[in-house]
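> need coordinates for the following:
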Amino acid sequence: MPASLFLRRVRRDLPRGATTVAAGWVLRQACATVAAAAALLPLLLLIVVGEDVVSPWLVPLGALIALLALLLLVYLGAVCAVAVVASAAEPGRRGSTVARAWRLVRGVGARAATVYVAATWAVWIARLALEWVLLPSGAGTSVIVGAAVRWVLDHVVEVFSVDAAAGLYFECRKIKEGEDKAGHVD
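Model prediction:
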């Protein structure tokens with residue numbers, strides 16, 4: 001492939017990928033804001049207004065709403081990761097890649113998203129363990145060595161996270177295409 005053709009494709013597909021990343025960021029920030037507000041608002045009302053005015057059910061209700069928002073945040077993380085892969089894997093497709101990813105992940109539901117989240121979290125836990133082993137607190141390691149180790153570990157985690165998202169995308173697409181061939185069109 002000539003370099004000019006490659007650059008034209010990148011220039012054509014870059015806005016779509018950037019829009020996908022931005023939309024995913026906005027959705028995740030909105031979920032995190034709802035979770036924080038649901039958790040903190042009842043407590044703030046109890047402190048400011050007092051126990052006599054505020055219902056005692058407000059705090060557990062706020063905690064439940066915060067928990068649901070956090071679960072949605074985790075699910076949206078998986079959907080947005082699939083959306084980024086979908087924007088690269090399906091460059092000619094029209095429409096929102098976040099909506100496409102939502103439809104793909106919705107078909108396989110929590111099972112595939114749970115595998116993606118578990119794999120990503122396992123890699124993060126392994127990263128923290130490696131950092132703890134490689135950079136003991138009292139060893140007198142230099143700041144530069146510590147920063148370099150953290151930088152390498154962060155990028156290793158990013159590679160595994162992208163691989164897990166790509167695996168989730170292709171698994172969801174395979175399942176969805178199998179359902180479409182069987183006549184169960186979404």
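> number of residues surrounding residue 172?
25 (other C-beta atoms under 10 Å). Yep, even glycine has a C-beta here, placed from its N, CA and C like the rest.
> got a list of what it touches?
By C-beta atoms under 8 Å, 6 or more residues apart in numbering, the residues touching residue 172 are 82, 104-105, 107-108, 112.
> so after the helix or strand containing residue 33, what's the next helix or strand?
According to DSSP states H and E, residue 33 maps onto helix 3-48. Following helix 3-48 in sequence order, the next helix or strand is helix 58-89 (DSSP H and E).
> which other helices and strands does that next one contact?
Where contact means 3 or more C-beta pairs under 8 Å, 6 or more residues apart in numbering; DSSP states H and E, helix 58-89 is packed against helix 3-48, helix 97-134, helix 143-181.
> most neighbours among the contacts of residue 172, which one?
If you rank these by neighbour count (other C-beta under 10 Å), residue 82 sits at the top with 31 neighbours.
> correct me, but that residue touches residue 101?
Yes - using C-beta atoms under 8 Å, residue 82 is in contact with residue 101, at 4.0 Å.
> common neighbours of those two, please.
residue 169.
> and stretch 47-59, which residues are buried?
By neighbour count on 16 or more other C-beta atoms under 10 Å, the buried set for stretch 47-59 is 54, 59.
> next one: phi and psi at residue 90?
phi -120, psi 70 (degrees, to the nearest 10).
> need the contact list for it.
Counting by C-beta under 8 Å, 6+ apart, residue 90 has contacts 97, 100.
> buried residues in the helix or strand of the chain with the lowest mean pLDDT?
Counting by mean pLDDT, DSSP states H and E, the weakest-scoring helix or strand in the chain turns out to be helix 97-134, with a mean of 78. Neighbour counts over helix 97-134 (16+ other C-beta under 10 Å) mark 97-98, 100-102, 104-105, 107-108, 112-113, 115-117, 119-120, 123, 127 as buried.
> ok, now how distant is the residue most central in space within the chain from residue 100?
Closest residue to the average C-alpha location of the chain: residue 77 at 2.0 Å, with C-alpha atoms, centre = their mean. To residue 100, residue 77 is 17 Å away according to C-beta to C-beta, to the nearest Å.
> low-confidence ranges in the protein?
Within the chain, the stretches with pLDDT under 70 are 1, 3, 6-7, 9-10, 13, 92, 107, 109-110, 136-141, 183-186.
> and if we set it to 50?
Residues of the chain meeting the criterion pLDDT under 50: none.
> ok, back up a step: which elements pack onto the least confident helix or strand of the chain?
helix 3-48, helix 58-89, helix 143-181.
> centre of the chain versus it, how much separation?
Between the centre of helix 97-134 and the centre of its chain there are 7 Å (C-alpha atoms, centre = their mean, to the nearest Å).
> give me the angle between that helix and helix 58-89.
Here helix 97-134 points in a direction 100 degrees away from that of helix 58-89 (axes from the mean of the first three to the mean of the last three C-alpha atoms, to 10 degrees).
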